[in-house]
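structure of the sequence below:
(chains A and B)
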Amino acid sequence: MLIVGVVVFGLVHLTPGDPAGVILGDRATPEDVARLRDQMGLNDPLPLQFARWIGGLLRLDFGESVFLGVPVTEALMQRVVPTTLLTIYALIIQLAIGVPLGVLAAVKRGSLLDRALTAVAISGAAIPTFFLGIMLILIFGVKLHWLPAIGYVPPTEDFTQHIRRMLMPAFSLGFSSAGLLARMVRSSMLDVLNEDYIRTALAKGLAGRRVVVGHALRNAFIPAITVIGTSIAALLGGAVVTETVFTIPGMGRLVVQSISRRDYPIIQGAVMMIALAYVLVNLLVDILYVYADPRIRLG
Amino acid sequence: MGSSSGRAISGNLGTIKTDLDGATISPKARIKADWLRRLVSNPVTAISLTVLGITVLMALFAPVIAPQSPTFADPFVRLQGPSTDHLLGTDDLGRDVFSRLVYGARISLVIGIGVTLASAIFGSILGLLAGYVDRLDPFIMRTMDGLMAFPSILLAIAIMASLGPSTFNVFMALTVVYTPTIARLVRSTTLVIRQQPYVESARVVGMRDSHIMGKYIFPNGLSPLIVQCTFVVAFAIISEASLSFLGAGVPPQQPTWGNMLRDGQSLMQQAWWMAVFPGTILFVTVLAMNLVGDGLRDTLDPRSRRR
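Coordinates of the predicted model:
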């Protein structure tokens, strides 16, 4: 995590642009800029700035946004909910598409469905999320008028509208990882279906469906958990792009807007926070793993 | 599988023979041709290679193929749909979409291939050192892990925010993003190969470490690296397009697929062709690249063949 911090801080401070100059605009005198730089602590030696920044980090204080004039934590907190919701919905879609498709393909191995799935999975990995998003907007928003094309409504305000607006973003984000997950579930299902205990279960007369869901899937799902863990990282990253396509006021959009404003603290804070979320999610996945697979014991 | 290892042995014997008389066709070339034939014998791979070939030709001969300059703006033909005059329509400034698409192939390919070569070089050096020199391992790999703790597009955005938009900066940012992946792969193959008896004998004979790494370990770990590289090309092309799309990539006036999509998105209601065509060609190129990667993996490493 410290390395992550060093990387973020280093990156942002190697920037050629000057935030003080950006805030004051073109008509500011060099003296004004120098005074503001001083006030902001930008003239201090880098190690000192870094120590101050890390100290603030530990208190979850990322400093103040240069552009918005509010604390970074506050600015980010306003944006956390849409991003989190989008990621969760995308994950749900990923699971809802990926798991059943993977199971079906494994059970009907070699069938048309199996081959179709492979094709979908490969195309899913190749289609950029933003292009998929644009295509969805074009078809369902512009041509068919089924769904509102862009924008965001908080769930607390109007839940139906919220879901209607999140449907396309979540789908375009979840689709590519769904293909990956389906392939993973398929191959681990194939492994499991050859096991002796599956034959036993079938031999003692259990219905095929129960064996597939109750016995095979439970075991096949364990390796799939790892894929879900890594795909959450991809979802978090993809959310940045998807939010821009669908103009959802999340953290990703804030980051993209902050780039042109040279709003360092916001970029630093947001990148740190997303990286932190990613590390936490992976920890969570490791813990889940232990619950899913009784053979693994921590410690 | 048995036949392929048998071929390799006979190939080695053949090399010794040609070294002696020097006149016959090098069996090494024959093995290579055979390997290519096996790769192309898969129809999916063959089609994908053709698609990529067309893209490469488009990039190379862009001035010949494109009907007009990608930056030539004709205010009288703004936002026109596909027609015989403008095959794929025109954009909001009256520029020819097809011409811009053709020129856009250049940036995508240069970035895709350039980033892959650079991260393959840096990643291989770091991976070899980490895998072979125990002292360096923790330092190198912790740094790589640190870089990998970011979702890749976010890291690229953060770097681009620091460097400012330019094609070269996109290249640098994406190289930083993809080097850790390669380093991790090369390290893991190095760890396996260094246990092999021939590496041990080389060490016993007193060869220098750099020589062992370059002459024994690196060439033997090459095929997984090549396969990985094809995927990095595909990822890099997508990432460049994403960065440009977000406005943090190649400067907007340059014709790239990502920039065209960005322009196209804002005018989606009036001019669908501005977004659909660049997106489609991006999708098809990346898809073809991925499929070639799959084909290569099946050819180079028969054990990993999909069931």
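
okay, residue A:276 and residue B:150: tell me how far apart.
Residue A:276 sits 10 Å away from residue B:150, taking Cβ to Cβ, to the nearest Å as the criterion. For every residue, glycine as well, the C-beta is placed using N, CA and C.

shared neighbours of the two, anything?
With contacts defined as Cβ atoms under 8 Å, 6 or more residues apart in numbering or on different chains, no residue is shared by residue A:276 and residue B:150.

which one of these two is surrounded by more residues?
In this comparison of residue A:276 against residue B:150, neighbours counted by other Cβ atoms under 10 Å in any protein chain shown, the higher total goes to residue B:150 at 25 against 16.

residues from the stretch 51-200 of chain A in reach of chain B?
When proximity is defined by Cβ under 8 Å from any Cβ of the partner chain, the stretch 51-200 of chain A lies next to chain B at A:122-123, A:125-128, A:130-131, A:134-135, A:137-138, A:142, A:187, A:190.

could you turn the buried ones of those residues into a PyMOL selection?
For the buried members of these, the matching PyMOL selection, counting by 16 or more other Cβ atoms under 10 Å in any protein chain shown, is:
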select buried, chain A and resi 122+123+125+126+127+128+130+131+134+135+137+138+187+190
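
quick one: what helix or strand has residue B:263 in it?
Residue B:263 is part of helix B:257-266, with elements assigned from DSSP states H and E.

which SSE is immediately downstream of that helix?
Next in sequence after helix B:257-266, counting helices and strands by DSSP H and E, comes helix B:273-300.

and chain A, is that next one touching that?
Yes - counting by Cβ under 8 Å from any Cβ, chain A is contacted by helix B:273-300 at B:275-276, B:279, B:282-283, B:286-287, B:289-291, B:294.

ignoring the adjacent residues along the chain, who's closest to the closest residue to chain A within the stretch 51-200 of chain B?
Using Cβ to the nearest Cβ, the single residue of the stretch 51-200 of chain B nearest to chain A is residue B:151, 2.7 Å away. Taking Cβ to Cβ, 6 or more residues apart in numbering or on different chains as the measure, residue B:151 lies nearest to residue A:237, with 2.7 Å between them; neighbours along the chain are not counted.

out of everything not next to it in sequence, what's closest to residue A:284?
Residue nearest to residue A:284 in three dimensions, not counting chain neighbours: residue A:229, with 8.0 Å by Cβ to Cβ, 6+ apart.

how many neighbours does that neighbour have?
Neighbour number of residue A:229 under other Cβ under 10 Å is 18.

helix or strand for it, which one?
Under the assignment given by DSSP H and E, the secondary-structure element containing residue A:229 is helix A:218-246.

avg pLDDT for that helix?
Taken as a whole, helix A:218-246 carries a mean pLDDT of 78.

ok, then the element right after the strand or helix carrying residue A:88?
Of the helices and strands defined by DSSP H and E, residue A:88 is found in helix A:72-107. If you walk from helix A:72-107 toward the C-terminus, the next helix or strand you reach (DSSP H and E) is helix A:112-126.

in the stretch 1-150 of chain B, what spans have low per-residue confidence?
Low-confidence regions of the stretch 1-150 of chain B, defined by pLDDT under 70, span residues B:1-33.

can you tell me which residues in it are near chain A?
Counting by Cβ under 8 Å from any Cβ, the residues of the stretch 1-150 of chain B lying close to chain A are B:142-143, B:145-147, B:149-150.

ChimeraX command to pick out the buried ones of those?
Selecting the buried subset of the residues of the stretch 1-150 of chain B next to chain A in ChimeraX, with 16+ other Cβ under 10 Å as the burial test, is done by:
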select /B:143,146,147,149,150
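
what about the closest residue to residue A:185 other than its chain neighbours, neighbour count?
Using Cβ to Cβ, 6+ apart and skipping the chain neighbours, the partner closest in space to residue A:185 is residue A:102 (2.8 Å). Counted with other Cβ under 10 Å, residues neighbouring residue A:102 total 28.

do I have it right that residue B:68 meets residue B:102?
No - shown here, residue B:68 and residue B:102 do not form a contact pair, counting by Cβ atoms under 8 Å, at 10.3 Å.

more neighbours: these two, which one.
residue B:102 (24 against 13).

let me know the helix or strand that the closest residue to residue B:166 other than its chain neighbours is in.
Distances taken as Cβ to Cβ, 6+ apart put residue B:251 closest to residue B:166, at 6.5 Å, once the chain neighbours are dropped. Under the criterion DSSP H and E, no helix or strand holds residue B:251.

count the neighbours of residue 70 for me.
Picking chain A for this. 12.

switch to chain B, please.
Neighbouring residues of residue B:70 were enumerated by other Cβ under 10 Å; the total is 21.

report the secondary structure state of it.
Applying DSSP: H, G, I helix; E, B strand; the rest coil to residue B:70 yields a three-state assignment of coil.

these two touch, right, it and residue B:97?
No - between residue B:70 and residue B:97 there is no contact under Cβ under 8 Å: 9.6 Å.

what residues are up against the residue positioned nearest the centre of chain B?
In chain B, the C-alpha closest to the average C-alpha coordinate belongs to residue B:233, at a distance of 2.0 Å (Cα atoms, centre = their mean). With contact taken as Cβ under 8 Å, 6+ apart, residue B:233 is in contact with B:112-113, B:115-116, B:289.

turn these into a markdown table, columns for secondary structure and neighbour count.
What follows is those, written out as a markdown table (DSSP: H, G, I helix; E, B strand; the rest coil; neighbours: other Cβ atoms under 10 Å in any protein chain shown):
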| residue | secondary structure | neighbour count |
| --- | --- | --- |
| B:112 | helix | 24 |
| B:113 | helix | 16 |
| B:115 | helix | 27 |
| B:116 | helix | 25 |
| B:289 | helix | 24 |
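
as JSON lines, those residues with distance to residue A:162 would be great.
Below are the contacts of residue B:233 laid out as JSON lines (distance: Cβ to Cβ, whole Å):
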{"residue": "B:112", "distance to residue A:162": "38"}
{"residue": "B:113", "distance to residue A:162": "43"}
{"residue": "B:115", "distance to residue A:162": "39"}
{"residue": "B:116", "distance to residue A:162": "41"}
{"residue": "B:289", "distance to residue A:162": "38"}
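
tell me which two of the residues you listed sit farthest apart.
When the contacts of residue B:233 are compared pair by pair using Cβ to Cβ, the farthest-apart members prove to be B:115 and B:289, with a separation of 12.8 Å.

circling back to that earlier point, what's in contact with the helix holding residue B:263?
Helix B:257-266 has contacts (Cβ under 8 Å, 6+ apart) with A:130-131, A:134, A:245, B:91-92, B:97, B:100-101, B:104-105, B:107-108, B:240-247, B:249-250, B:252, B:271, B:273-279, B:281-282.

which among those residues count as buried?
In terms of neighbour count (16+ other Cβ under 10 Å), the buried residues within the contacts of helix B:257-266 are A:130-131, A:134, A:245, B:91, B:97, B:100-101, B:104-105, B:107-108, B:240-247, B:249-250, B:271, B:273-279, B:281-282.

how many residues are close by residue A:157?
Residue A:157 sits with 8 neighbouring residues when counted by other Cβ under 10 Å.

let's verify it: helix, strand, or coil?
Recorded secondary structure, residue A:157: coil (three-state DSSP).

how close does it get to residue B:125?
The spacing between residue A:157 and residue B:125, counted by Cβ to Cβ, is 54 Å.

now swap in residue B:253 and tell me
The gap separating residue B:253 from residue B:125 is 36 Å, by Cβ to Cβ.

name the residue in those two with the higher neighbour count.
More crowded of residue B:253 and residue B:125, by other Cβ under 10 Å: residue B:125, with 17 against 7.

quick one: residues contacting the more buried one.
By Cβ under 8 Å, 6+ apart, the contact set of residue B:125 is empty.

where are the low-confidence patches of the stretch 151-300 of chain B?
Using pLDDT under 70 as the threshold, the predicted model of the stretch 151-300 of chain B has no low-confidence range.
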